[in-house]
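Trainee: could you work out the structure for the sequence below:
(3 chains)
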Amino acid sequence: MLQFLVDALLRTADLALITLGLSMLYGLIRFPNIAHVQYAMCGAFLAYAINSAGAPLIVSVVLASILTGLLTLVIQLLVFDRLLKSGPAIAMIGSLAVSMVLVASVLGIAGSFPHMFSLPHTEPLIIGDARISHTQLWFVLTTLVLLTLFVLLLFHTQVGRAMRALACNPALADASGLNASRITNGVTFISGMLAGLGGSMLSLSTGAHVNLGYDLLLPVFAAAILGGLGNPIGAVAGAALIALTETAVTNINFGPLLGETLVFLPVSYISAASFLILLLALLFKPYGLFDREVRRV
Amino acid sequence: MYDFLIFTITIAGIYAIMALGLNVLAGYGGLLNFGHIAFAGIGVYATGIAHARGWPVLVGIPLGMIAAMILGWAMARLGRRLAADYWGIATLAVAEILRTVALNEDELTGGANGITGIPGLFESVASPWDQVYFSAVVLGIVAVTAFFSARLGDGRFGRALRLMREQPALAACMGYNLQKIKSHAIMCGGAITALAGSLYAHYFNFAGTEFMLAAETFVLWTMVMIGGMGRTAGVLLGVILVQAVYAFVPFLRDLLGFGSDVAGALRLGLIGAILLICLLWRREGLLPEKLRNPA
Amino acid sequence: MKKRHFLTLCASTLLVGNLASSAWAQETISLGAVLPLTGPSATVGEDIRRGIQLGVEHVNANGGVLGKKLQVIVEDSGNNPTTALTAARKLATVDRVPAVLGEYSSSITLPMAQYLVKENIVHFNIGSSSNKVRELGASAFNIIGLEAAGNLFAAKDVYALGHRNLALIAPNNAYGQGVAHGFTEEFEKLGGKITAQILYTGGQSTYRRELQQLARAKPDAFLYTAYGHESAVINREAKELGLRNVPWYAYIMSMSVSDTPADIAEGQIGMELGTAQGDLGKAYEDTFKAKFKEGFKTAFNGYGYDGVLMLAAAIEQGKGATPAQIIAGLKAVSEAGFTGVTGPIKLDDEGQRIDPPYDRLKYEGGKLVQR
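Mentor: The predicted structure follows:
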C-alpha cells in the first residue's frame, strides 16, 4: 500500500513541474506548445553536459534550468510571437516544427544512447514495505518546495497578481498599466526554467535520452488540460490524478475476479488509460475538472 | 539501381495519397488532426488482419476504408464541443490509444511482431515487373486522388469547407450544418489515407506498429504545409520535397561517411527546419491556395 | 526552381553513386549486413560489426576471395523492421549483394529474411534465435543456436541450480515470446513452475510497474532476458526495488548485461551462446582486444566473424559469388567440416547449425566468467 503511494508520488513529481510550466504559459499565450516537453529534454541534456564537464550536481541542474529558460524565451520571441500573429493553429504547427528541430539537434550532438549520470550508488531507503532511492526522495522534496514557492509567488506577491490578471484579461491588464510583454516574457522564462528543472531532475533517475520529451507529451498535456489550463494548482492536481490512475491501473490484481492468483493489466495500457481519461474529460468537462480555467475553449 | 528508384517513387506515391487525404480535412477544412496517422494504421492492419484470418487479402482495402470512416465519424463527434487546438490533442490521444491496442492485442494484430507475409499486389508476375506494375498502380491512384481532390476543392463541398475554416459563424448563418461538413471531411480524408495504408502493407508485405507513431503524422503535416495547404499541386510538391530529403540523406551519409544517428538527426532536422522556415516566411506554403478573386 | 534543383541534385548523386559502385565491382566482391547500429541494441550491433570487420580483414589478409577483395556493406536497421526492409532492399537492388548477414532481433530478422529469400538472395542469420528462422527457406542459413536448444539448456541449468518457482520477464516481440513460451514448456516438463510472466514493451524509460507486478508472485528466482539499454533500466530498478535478494538468471547473458553497470550486474548468473572456443577462439579474442582496445562486449561478434569466413569459403568452393553458387558452396563447406571461432560448424539439411554451443556464466569482479 505504501509502495503504491510512493510510486504515485514519484510519478506526480515526474510530471508536476513540467505541467505547471505548460499550464501557466498556455494561460498567457493561448496555444498548445508541443515543444514544451522538448524543453524538458533539453534541460536534461544540458544538466548532463554541465555535470560531465565537472560541475557539482546541484549547480548543473540549476544552471541547466536557467539556460533552458533562456532558450524558451529566445524561441518564444523569435518564432512563436511571429507565428501567433497568424493564429493559434499555425503556432501549434510551428511548435511541432520546433520540436523536430530540437530533437534533431540533440540527436545529432548526443546520439540516441541514454546518458546516465554517474551518481554515487547508495542503497534505497526502506519505509515500511516501500522503497525509495535517495535521488527520488530529493526529487520529490525539491518539487514540493518549488511548487509551494510558486504558489506563494502567484497568490501573495504583486508579480503573481500581475500574472494572473494578464491571464484573465489581457486588454484590461494592459490598460491598467501592467507591462504585458514584460510579464509574458517573465512567465515564459519561468515556464522554461520549470520545464528544464523537471526534465533534468527526471533524467537523474532515467538518464538523459532523446525520447524524454516525447514520452511526456501526452501525460503532461492530459494533466494540464484536466487541471484547467492557466490554473497552476489545477495543473499539479491534474498531474497527481494522472499519476494515481497510471499507478492504480497496473497495481490492481484482477486475479480473484478471473479465478487465478495473479492477473494484471499489461503495463503498456496505462498510457491508454490516461488518454482515455483525457478524452472523457474533454467530452464532459472541457474547462478542466475544477472548472476554473481561463475561459477560452 | 533503377529498382531503388522505383522503390522511392512508389513510397512517395503512397505518402502522396496519405497527404492528399490529410489535405481534405486539414487543408480545405482547417481541421487540426494530429492523429491522422491512425487512419493509415487502420488501413495497414485491415489488410494485415484480412491476411492473417485467411480472407481474400484485397478485402482489407474496403474494410480499412470503412473502419477509417467510422473512426473519422467518431473523431468528428469528439470535436463537437472542442476548440481546434484541444481537438488536435484529443486526436493525438486517439491515435496513441489505437497504437497501444495494436501493440498489445497479439491475437488480433500480432502484437509487437506485426503481421508478416502479406502478399504484394502482383505476386504472380516476375521480378522486376511486379514492382513496376505496383508503382504504376500507386501512381495511378495518386492521379485519380489528386484529380478528385482538386475537383472537390473547387466544388460546392470544398467551398463550404473553406468557409467553415475561415468564417464558421457566417457559414452557420448561411445554413450549413457545420458538424455534418466536418464529419464528412474527416471521413473522406480518413478513407483516402486508409487506402494508402493498405497499399503500404502490400508493398512492405508487413503490418507493424512502428508506422503508427505520432511522428509519422508530423511528416504528413509537413508535406501538406510546405507545399501549400488547400492546394492539390502544392501537396504533391510538398511530398516530393520531403521524400527527396528522406532519400537524399542516406546517400549523403554514404558519401560523407557520418553515422546513422547523425543521418536520422539530419533527416528530422531538415524537415523541421524547412517547415519552420515555410511557416515564418511563406505561411500559405510554396504554392498558395488559389482563391477566386471577387470579380 | 527549388524543386528542380533538388531533383537534379538527387539524380546526380544517384548517378555518381552508381558509377562509383560499378567501378568498385570489378575489384571487389561485396556482401551485405543489416545490424542494429542505433537503438537499444546498439552495443550488440556495434560488437557484431567489429566481428564482421575482423572477418573481412582476415579474409583479405589471406588473399581475398577468388583473387578479389572482400567487402561487407553494413546498413543500420534502426531497430525497426521497415528500416531493415528498406536497407535490405537497398543492398539487394543498389549494391546487388548475393548474401546478407543479420539482423539481430527476431522480429526484424524474420520479415527481412522473408524478403531476401523471395528475391533469391542468401540470408545468413548470426543473431536471432526464433525457431521460425528454421522455416525461412532454401536460401536461408543459420549458425546460431535457436530457441529450442537455448530453452532446453537454460531450463536444465536453472533447475539444476535448485530453483522451482520463477518469475519471467522478456521483451514483447518474436524473440521474447519464443523464450517465454519455450522456456516455460521445458521448465514445467522438469517439474518447475513459472508463477508470473511479463512481456515488457521496449523503449520505455522505466519498468518499475512491470517489476512490481512480478514481485507480487514472490518467486525464488527471476529469469530475465532484455536488450542492452532496456535491461540496464530493468536491472537498476530491480536493485532499487529490492528484488535482487533472490537470484537473477540472465538468458543470453552478454546481451542482458551489455549496458548494465558492473556494480549492478555483480552476482547475476546466466547462460550464453558459446563465444570463442578452442585455440582459434583464443587467437581471435587476442586479435579483437588488440584491435579495439577492449574485450568482447557481447557473445555475438564471433558469429559475425564466422559468418564472413564461412561465406568467403563458400564463394571459393562454389567458384563464384552468385546466390546459387554460394548456396552450393555453403553446403560443400559444411560437408568438408568448418571450424570457426565459435567451434565446429556443421549445417543440417535445412541450413541450420547442428549442436550449437552454450556456456554457463556468472558476473563476477566486473566481467562475465565461466561457471
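Trainee: neighbours of whichever residue of the stretch 151-295 of chain B sits closest to chain C, just the number please.
Mentor: The minimum distance from the stretch 151-295 of chain B to chain C, using Cβ to the nearest Cβ, falls at residue B:260 (3.9 Å). Any C-beta I mention is one placed from the backbone N, CA and C, and that applies to glycine too. Residue B:260 has 24 neighbours, counted by other Cβ atoms under 10 Å in any protein chain shown.
Trainee: go on, residue C:252?
Mentor: There are 26 residues near residue C:252, going by other Cβ under 10 Å.
Trainee: you'd agree it is up against residue C:271?
Mentor: Yes: using Cβ atoms under 8 Å, residue C:252 makes contact with residue C:271 at a distance of 7.4 Å.
Trainee: now the common contact residues for those two.
Mentor: Residues touching both residue C:252 and residue C:271 (Cβ atoms under 8 Å, 6 or more residues apart in numbering or on different chains) are residue C:150.
Trainee: does the residue lying closest to residue A:172 once chain neighbours are set aside lie in a helix or a strand, and which?
Mentor: Computed as Cβ to Cβ, 6 or more residues apart in numbering or on different chains, the closest residue to residue A:172 that is not its neighbour in sequence is residue A:165, at 7.6 Å. Assigned by DSSP states H and E, residue A:165 falls within helix A:158-168.
Trainee: and that helix, what's buried?
Mentor: A:160, A:162, A:163, A:164, A:165, A:166, A:167 (16 or more other Cβ atoms under 10 Å in any protein chain shown).
Trainee: repeat that for stretch C:310-320.
Mentor: C:310, C:311, C:312, C:313, C:314, C:315, C:316, C:317, C:318, C:320.
Trainee: Throw those into a markdown table and include secondary structure, pLDDT and distance to residue A:29, thanks.
Mentor: A markdown table is the format used below for those (DSSP: H, G, I helix; E, B strand; the rest coil; pLDDT from 0 to 100; distance: Cβ to Cβ, whole Å):
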| residue | secondary structure | pLDDT | distance to residue A:29 |
| --- | --- | --- | --- |
| C:310 | helix | 92 | 62 |
| C:311 | helix | 92 | 60 |
| C:312 | helix | 92 | 63 |
| C:313 | helix | 91 | 67 |
| C:314 | helix | 92 | 65 |
| C:315 | helix | 91 | 64 |
| C:316 | helix | 89 | 69 |
| C:317 | helix | 87 | 70 |
| C:318 | helix | 86 | 68 |
| C:320 | coil | 85 | 67 |
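Trainee: closest to chain B among those residues?
Mentor: Of the buried residues of stretch C:310-320, the one sitting nearest to chain B (Cβ to the nearest Cβ) turns out to be residue C:320, at 20.9 Å.
Trainee: ok so, going back, avg pLDDT for the helix holding residue A:165?
Mentor: The average of the pLDDT scores along helix A:158-168 is 80.
Trainee: mind giving me TSV with the buried residues of helix A:158-168 and columns for distance to residue B:58?
Mentor: As requested, these are exported to TSV (distance: Cβ to Cβ, whole Å):
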residue	distance to residue B:58
A:160	63
A:162	64
A:163	60
A:164	60
A:165	62
A:166	59
A:167	55
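Trainee: contacting residues around the residue in the stretch 1-150 of chain B that chain C sits nearest to?
Mentor: Using Cβ to the nearest Cβ, the closest approach of the stretch 1-150 of chain B to chain C is made by residue B:3 at 3.5 Å. For residue B:3, the contacting residues are B:128, B:131, C:89, C:92, C:93, C:94, by Cβ under 8 Å, 6+ apart.
Trainee: so of the residues you listed, which ones are in helices?
Mentor: Using DSSP state H, the subset of these located in helices is B:131, C:89, C:92, C:93.
Trainee: hang on, residue C:29 is in a strand, isn't it?
Mentor: Yes: under DSSP: H, G, I helix; E, B strand; the rest coil, residue C:29 sits within a strand.
Trainee: so residue C:166, which state does it fall into?
Mentor: Assigned by three-state DSSP, the conformation of residue C:166 is strand.
Trainee: just the strands in the chain please.
Mentor: Going with chain A. A:125-127, A:130-132 (DSSP state E).
Trainee: wrong one, chain C
Mentor: C:28-35, C:69-76, C:99-102, C:122-125, C:140-142, C:165-171, C:193-200, C:221-224, C:248-251, C:269-273, C:338-340, C:343-345, C:358-364, C:367-370.
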